[in-house]
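> Sequence and predicted structure below; questions after.
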Amino acid sequence: MKNPYAKTRSIENPWAIYVGPNGFEWRVLKTYKLPQNEAKDPYARWFVAARSNLTDKRWEFGDTYCRDIKTYGRCIVPFPSTEA
């Protein structure tokens, strides 16, 4: 099966949004694996735009382990369903 979240999106239209402590906000712009495969891989990563009080609310881009975002963040805009 093809990864439905593999195409990179913009900050204004991310796949999902998570928030955390210190004003952290992660916008998931791309994933590299299917969600069921991410659960099996502790090194699964997402390409994100992130900002916080520590970045003066400026966006920083890069890959982040999805387990870290799920551990420290709370999903406020979930991934769209892939079920038909």
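Good, I have the coordinates.
> all contacts plus neighbour counts: C-alpha atoms, from now on.
Noted.
> Report the contact partners of residue 28.
14, 15, 16, 17, 46, 47, 48, 49 (C-alpha atoms under 8 Å, 6 or more residues apart in numbering).
> between those residues, which is closest to residue 66?
residue 46 (5.8 Å; C-alpha to C-alpha).
> quick check, that closest one in a strand?
Yes: Residue 46 sits within a strand when classified using DSSP: H, G, I helix; E, B strand; the rest coil.
> Just the pLDDT for the nearest residue in space to residue 31 that is not next to it in sequence.
Nearest residue to residue 31, sequence neighbours excluded (C-alpha to C-alpha, 6 or more residues apart in numbering): residue 46, at 4.6 Å. What the model reports for residue 46 is a pLDDT of 98.
> again, but for residue 65
98.
> quick one: residue 34 from residue 50, how far?
22 Å (C-alpha to C-alpha, to the nearest Å).
> so how far is residue 13 from residue 21?
To residue 13, residue 21 is 23 Å away according to C-alpha to C-alpha.
> Tell me how many other residues surround residue 41.
By other C-alpha atoms under 10 Å, 13 other residues sit near residue 41.
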